[in-house]
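>>> Dropping the sequence and predicted coords here.
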Amino acid sequence: MKNVLLRPRISFFDMAGCEGCQLAILDCEDIFLELVDLVEIVEFREAMSETAPRFDIAFVEGSIHREIDADRLRDIRARSRWLVALGGCACHGNVQARANGWSPAENLQRVHGLDTVHRVQTDNRYWPLWAHTRVRALHEVVKVDYLLRGCPVDRDEFLHLVKRLLAGSRPGFAAQPVCVECRRHGHECVFLHGETCLGQVTWGGCGAVCIAGGYRCDGCRGLLPNANLASHRQLLRERGLDPKTIDQRYRLFLSGEITAQDAPDEQ
Amino acid sequence: MAVYLVERSVFLEWIGMLARHERVYFPQPVSESSFRFNRVGSRSLLALEDFDDSSRVKPFRASACVPPPVRSLAPDNELLFTFRRDKAGDCLLAPVLDNSRRILAGVRPCDLKAIALMDRFQRAGIPDPYYLARRDHTLIIGHDCLQPCDEYCFCEAAGSLAWREGADIFLTPQPQARLLVEPLTDQGAVLLADAGFPICEDVKGCRARAAARRATPFGRRFAAPLAQVMQVVAGSWDSAVWEQHADRCFSCGTCNLVCPTCSCFDVRDDFNVEDPGSGRRTRRRDACMLEDFAEVAGGHNFRKSTAARQRHRVMRKFVYLPDRFGGTAFCVGCGRCRRQCTVAIDIFDIATDLLAGAGEGT
Amino acid sequence: MKPINPHVLTPTMVRIKEAADMTGHERFFRLRLPRPLGHRPGQFVMVSVPGIGEAPISICCGPGDHDRLELLVRSAGSLTMVLQRLETGDQMGIRGPFGTGFDLADFEGRDVLFVAGGLGLAPLRSLIEPLILDRQRFGRITIISGCRTPAEELFGREMRTWARAPGIRVIRLVNDTAHLPWDGEVGLVTAPIAGLDMDPAATLAVLCGPPVMYKFVIMELAARGLAHDRIFIDLERRMRCGIGKCGHCQINHLTCCQDGPVFRLSSVESLPEALA
């Protein structure tokens, strides 16, 4: 590593999300002060109130629902050298993308009831903001340089990305399934205990924290390129899941990525 | 060298005693169905199977022991070197080798063979100093198998069941809850000299009793001798069998990562946030079943299809490595890859299908 | 069996004596070594920036008992892009040399045809240099070097100098002049082969370039009657260790880092993974 590091100006923004990823980053408290020494944080709503016109790295959390959010994202893109999608919502739409499976009117009715649908149709001023558009990941609106996957993001991956960028390098995230994490950590496969898991077809990099915690993987980091979904669906069927449950499992985090072709059982 | 006949409980107590001042690793249950070579502590529950009661589940199954014991000689995230920058701006690097002594106890013949093969591999050409630093300071206590671990075992067919090379001490179960304890090296003899175990008067008889007790056939068998299996695999580059076993594969790398003779790795560098002039390089296990394993800088992937990677994995075990390292199959028949594979891809089945395709066996 | 060297995976830090951009993507480094590497032409070193990573880089200077090491680094990955920023006086980590390389004795008294595509010229330069230094020991030399545009040409000035030595022909090509001044030819590296004045029984060919180049150059050479044991190819793989252990550079039963990266075509043409 070279003697002189860059001192990038870093900013954080949130779109539609829970801001849990920004909190996960604040969780780097043991080294946060040293990190702040190496970078210049110019915009971070979770921790400060200043704003800046330009930055080197913009971390954007959350998915895009409304056109004004898309415009805001385009503005951030124009002001930033690198744009990083921070977390599952920004990377692939995450849980919110589930809404794309139905029409806005259907969603409105499901969540707020038929009365609300009537009110929307009769009252010009009443329009719940989330209900009327398609949920998009950042890359569907602007060019995204790097993806920090996960719900929430992994602290080590975040640090890896920041360190690489400040050293004038670029981060590398291997397209490897969660199984790799489990084997490296010596976890026995949850399938051997009668559980089912989405780890074979979704991105690792998380250290298999959920499996370490006694749970399974629900695939929050998104679908791997060339994932063998046909085989995976078959496996889940053989392990006793009915088509509806299988779709629910896929749809929880992966709605933004599963296509109709991948989900032949859905009506 | 003196050979001993000891009560099993006494031997296990001795292991516990040994662990007070040595680093001893022994397979211990981590769940209902899995084991790990964990370091023995004061509260470790150590168990070995009984000679007489074969109906009892084997307390330790090699195929359920993940990662395999050879990994304690090449751990994941192994530190290669640390670096720091001095006041003049010079970068100082120092390799970090682990020369500490350790004892691996309860190693089954399949894993003994795997370690012996890895010894050959790591010593050949330019030796790997990290593996050998650990290996040269490791004592191994092997344990015979009288029953196969499970339905996936094919260690006899793979030529591993009778393997003893690499063990310093070898244990064989005996009737009446006893163990035949044989030193195979000087180091093993020295370790046993102070144990105070009773001398065995009839070593041949004990060995014969164990041999008579051993299951036959032992685990799964190929329809042809191993040498022929290896020859058939070598000649099956264009076989359709590779595709048949690739359809359901996730390319998740599990088969590589649990294999006791897979040793491929990737290196990772990191520097410290609090002192960016300092940091470390580590290496971790990599897997040739992962899609990007054979990709080069320009983006070309020399093994793009799952079938090509599957073929490489199997060829490496039965052809490539044996060709270079003494002709022995590098698949030891432990059954780990099959047991850990969620879609039941089985190197035994692949070899069997290749054999059938070549007109050998059924 | 070789003795165990505890430092084999730990680089030695070496000062950069000279660093200069050769093109927009390639940077040339001359290092001063604490002691001579004693490398053979065609060998490679593992180059490190501690904290960032390591990558295999071909040695591009000729062999000999000198403390000089020359490398040409293309910005292609997370490490090589950091290397582009290193200046004279900075340090980089070096391990090696690794691989078999070329044996100069094979080339004695022979005519030698070099075919280089793009960055492939860099490793070939490590063999071209000693052949040019000792003209009477070797036969005629023909160098065909191609790249995409004039702006991407490597060692252009040097090739013009080589062309002035006796018994040497240099054919420089670009695919496209891209409206830039160009004093060489336009076309692919395969094009000149058919018209070369070449005695297939006295000639050795040495090839280095992208995988796609080999197939077509080999076809042209075969058409000229060159036997496959007279063709050397330099193969690219992403080695992680250089000592035959990491598994990444395996080509069927061979490891590129130990058995190569230079191979006689006849020894790898039966290996399905070698060229594609």
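Arrived safely.
>>> Residue 233 - how many residues pack around it?
All of this is about chain A. The local packing of residue A:233 (other C-beta atoms under 10 Å in any protein chain shown) involves 21 other residues. For the C-beta atoms, the positions are set from N, CA and C on the backbone; glycine is no exception.
>>> wait, I meant chain B there
Residue neighbour count, defined by other C-beta under 10 Å, stands at 26 for residue B:233.
>>> okay, now residue C:30: neighbour count?
15.
>>> I'd say residue C:263 and residue C:233 touch.
Yes: distance between residue C:263 and residue C:233: 5.8 Å, which falls inside the contact criterion (C-beta atoms under 8 Å).
>>> Give me the more crowded residue out of the two.
Counting neighbours by other C-beta under 10 Å for residue C:263 and for residue C:233 shows that residue C:233 has the greater number, 27 against 21.
>>> what pairs with the more buried one across the strands?
Judged by DSSP bridges, the bridge partners of residue C:233 are residue C:207, residue C:263.
>>> ok, so what distance separates it from residue C:276?
Look at residue C:233 and residue C:276: by C-beta to C-beta, to the nearest Å, they are 13 Å apart.
>>> One more: residue B:218?
Counting by C-beta to C-beta - residue B:218 and residue C:276 are separated by 42 Å.
>>> These two: who's more crowded?
Set side by side, residue B:218 and residue C:276 show more neighbours around residue B:218, with 18 against 11, by other C-beta under 10 Å.
>>> residues touching the more buried one, list them.
For residue B:218, the set of contacting residues under the criterion of C-beta atoms under 8 Å, 6 or more residues apart in numbering or on different chains consists of B:145, B:148, B:153, B:155-156, B:161.
>>> can you tell me which of the residues you listed lies nearest to residue B:202?
Proximity of the contacts of residue B:218 to residue B:202 (C-beta to C-beta) peaks at residue B:145, which lies at 21.9 Å.
>>> hang on, the closest one packs against residue B:111?
No: between residue B:145 and residue B:111 no contact is recorded; they are 10.5 Å apart, counting by C-beta under 8 Å.
>>> These two: which has the busier surroundings?
Taking other C-beta under 10 Å, residue B:145 and residue B:111 do not tie; residue B:111 has more neighbours (30 against 26).
>>> from what I can see, the more buried one looks like it's in a helix, true?
Yes: the assignment for residue B:111 by DSSP: H, G, I helix; E, B strand; the rest coil puts it in a helix.
>>> Give me the pLDDT for it.
Looking at residue B:111, its pLDDT reads 95.
>>> State the distance from it to residue C:10.
Counting by C-beta to C-beta, the gap between residue B:111 and residue C:10 amounts to 30 Å.
>>> what about the strands in chain B?
In chain B, the strands defined using DSSP state E lie at B:4-7, B:24-29, B:35-39, B:78-85, B:91-95, B:102-107, B:138-143, B:169-174, B:178-183, B:265-271, B:279-285.
>>> Turn these into TSV, including mean neighbour count and distance to chain C.
As requested, those are arranged in TSV below (neighbours: other C-beta atoms under 10 Å in any protein chain shown; distance: least, C-beta to the nearest C-beta, whole Å):
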stretch	mean neighbour count	distance to chain C
strand B:4-7	19	34
strand B:24-29	23	23
strand B:35-39	19	22
strand B:78-85	20	4
strand B:91-95	17	4
strand B:102-107	24	18
strand B:138-143	24	15
strand B:169-174	22	25
strand B:178-183	23	26
strand B:265-271	21	3
strand B:279-285	21	4
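>>> partners of the strand or helix carrying residue A:84, with directions?
Assignment of secondary structure by DSSP states H and E places residue A:84 within strand A:80-86. Taking DSSP bridges as the criterion, strand A:80-86 sits next to strand A:55-61 (parallel), strand A:146-148 (parallel) in its sheet.
>>> Indicate which one of those strands is closest to residue A:194.
strand A:146-148 (33.0 Å).
>>> buried stuff in the closest one?
Across strand A:146-148, burial judged by 16 or more other C-beta atoms under 10 Å in any protein chain shown covers A:146-148.
>>> domain parsing for chain A?
If you go by automatic domain parsing, the domain ranges for chain A are A:9-93+A:136-166, A:97-130, A:178-254.
>>> now the buried residues of strand A:146-148 as JSON lines including pLDDT?
Formatted as JSON lines, those follow (pLDDT from 0 to 100):
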{"residue": "A:146", "pLDDT": "97"}
{"residue": "A:147", "pLDDT": "96"}
{"residue": "A:148", "pLDDT": "97"}
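>>> Would you mind listing the residues in contact with residue 62?
With no chain named, the answer covers chain A. Residue A:62 makes contacts with A:14-17, A:19, A:87, A:89-90, as judged by C-beta under 8 Å, 6+ apart.
>>> that's the other chain; I wanted chain C
C:41, C:125-130, C:133.
>>> In strands, which of those fall?
With DSSP E as the criterion, strands contain none of these.
>>> Quick one: list the elements packing against the helix or strand that contains residue A:12.
When secondary structure is defined using DSSP H and E, the element that contains residue A:12 is strand A:9-14. The helices and strands touching strand A:9-14, judged by 3 or more C-beta pairs under 8 Å, 6 or more residues apart in numbering or on different chains; DSSP states H and E, are helix A:20-26, strand A:40-43, strand A:55-61, helix A:67-79.
>>> ranking these by burial, who's on top?
When the helices and strands packed on strand A:9-14 are scored by mean count of other C-beta atoms under 10 Å in any protein chain shown, the highest mean neighbour count falls to strand A:55-61 (a mean of 25).
>>> Give me the angle between that strand and strand A:9-14.
20 degrees (axes from the mean of the first three to the mean of the last three C-alpha atoms, to 10 degrees).
>>> mean confidence score for strand A:55-61?
Mean pLDDT, computed over strand A:55-61, is 92.
>>> just how off-centre is that strand within its chain?
Here the centre of strand A:55-61 is set off from its chain's centre by 15 Å, with C-alpha atoms, centre = their mean, to the nearest Å.
>>> any idea which element whichever residue of the stretch 151-276 of chain C sits closest to chain A lies in?
In the stretch 151-276 of chain C, the residue that lies nearest chain A is residue C:238 (12.4 Å; C-beta to the nearest C-beta). Residue C:238 is part of no helix or strand when elements are defined by DSSP H and E.
>>> Count the residues that sit near the closest residue in space to it that isn't next to it in sequence.
The shortest distance from residue C:238 to any non-neighbouring residue, by C-beta to C-beta, 6 or more residues apart in numbering or on different chains, is to residue B:296 (4.9 Å). Residue B:296 has 19 neighbouring residues, counting by other C-beta under 10 Å.
>>> for residue A:244, same thing?
In terms of burial, residue A:244 registers 11 neighbours under the definition other C-beta under 10 Å.
>>> What strand or helix carries it?
Under DSSP H and E, the secondary-structure element containing residue A:244 is helix A:243-254.
>>> hmm, back to that, which of the strands paired with strand A:80-86 sits closest to residue B:122?
Each of the strands paired with strand A:80-86 was checked against residue B:122 via C-beta to C-beta, and the shortest separation belongs to strand A:146-148, namely 36.7 Å.
>>> got the buried residues for the following helix or strand past the closest one?
Using DSSP H and E, the next helix or strand after strand A:146-148 towards the C-terminus is helix A:155-166. Along helix A:155-166, the positions that meet the burial threshold by neighbour count (16+ other C-beta under 10 Å) are A:157-166.
>>> and what of stretch C:127-141?
For stretch C:127-141, the buried set under the neighbour-count rule, 16+ other C-beta under 10 Å, comprises C:127-132, C:138-141.
>>> about what we covered before: and the helices and strands packed on strand A:9-14: which comes nearest residue C:158?
Residue C:158 lies closest to strand A:55-61 among the helices and strands packed on strand A:9-14, at 38.5 Å (C-beta to C-beta).
>>> could you give the angle of that closest one to helix A:67-79?
Angular relation of strand A:55-61 and helix A:67-79 on a 0 to 180 degree scale: 150 degrees, by the same axes, to 10 degrees.
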